[in-house]
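J.: okay, predicted coordinates and the sequence, questions at the end:
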Amino acid sequence: MPSVLVLNGPNLNLLGRREPGVYGSTTLAEVEADCRAVAAELGWTLEFRQSNQEGELVDWLQEAGGRQQSGGVVGVVLNAGAYTHTSIALADAVSGAQVRMVELHISNVHRREAFRHHSYLSAVAAGVIVGFGVAGYPLALRALATLLPADPAGG
Ligand code: DQA
């Protein structure tokens with residue numbers, strides 16, 4: 001069974017406690033459980049990770065790209081948190097590793113401060129899910145499934 005990676009960037013470990021008016025009261029562990037159920041439904045194993053370190057996220061994107069090329073990974077859902085708005089390194093990792101990536105934001109970043117309106121990741125994303133709260137995570141998994149090439153064996 002191929003894996004799907006859900007990668008979370010800085011401060012998302014605080015989900016549920018952090019600015020609940022913006023991000024809601026659901027914890028990251030609860031989001032992971034939701035994602036696990038949807039991934040199973042889609043025929044995938046979920047690998048759900050969070051890091052506050054930009055370089056660790058780069059390493060994981062490179063790993064995902066390598067595993068995608070050999071068929072072991074279908075792609076990545078990436079909520080890069082604030083690195084979305086700052087990190088050329090993450091964008092380079094996505095394009096360099098040729099990983100299929102859906103960009104995700106819990107909040108509608110376009111309704112927020114101007115510095116959140118630009119994303120370095122959108123230009124290298126297959127698609128973007130923004131502003132649906134934590135419900136965006138399972139939506140992003142389902143969106144990723146629509147992007148996969150049809151299996152000629154029908155399985
Ligand atoms: C976020 C939006 C970012 O602007 C912010 O820095 C985050 C979370 C979101 O999921 O809405 O950490 O990516």
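T.: Happy to help now that I have it.
J.: can we go C-alpha only for contacts and neighbour counts from here?
T.: Noted.
J.: can you list the residues of this structure near the ligand?
T.: Residues of the chain lying close to the ligand (CA under 6 Å from any ligand atom) are 11, 79-82, 105-107, 109, 116.
J.: same thing but 8 Å
T.: Residues of the chain lying close to the ligand (CA under 8 Å from any ligand atom) are 9-12, 22-23, 79-85, 104-109, 116, 130-131, 133.
J.: now restrict those residues to buried residues only.
T.: Buried by 16 or more other CA atoms under 10 Å: 9-10, 12, 23, 79-81, 83-84, 104-109, 116, 130-131, 133, out of the residues of the chain next to the ligand.
J.: follow-up on the earlier one: please flag which of the residues of the chain next to the ligand sit within helices.
T.: 22-23 (DSSP state H).
J.: show me where the chain has helices.
T.: 20-23, 28-41, 54-69, 88-97, 136-147.
J.: looking at the ones you listed, spot the one closest to Ala123.
T.: Ranking those by proximity to Ala123 (CA to CA) places helix 88-97 first, at 8.1 Å.
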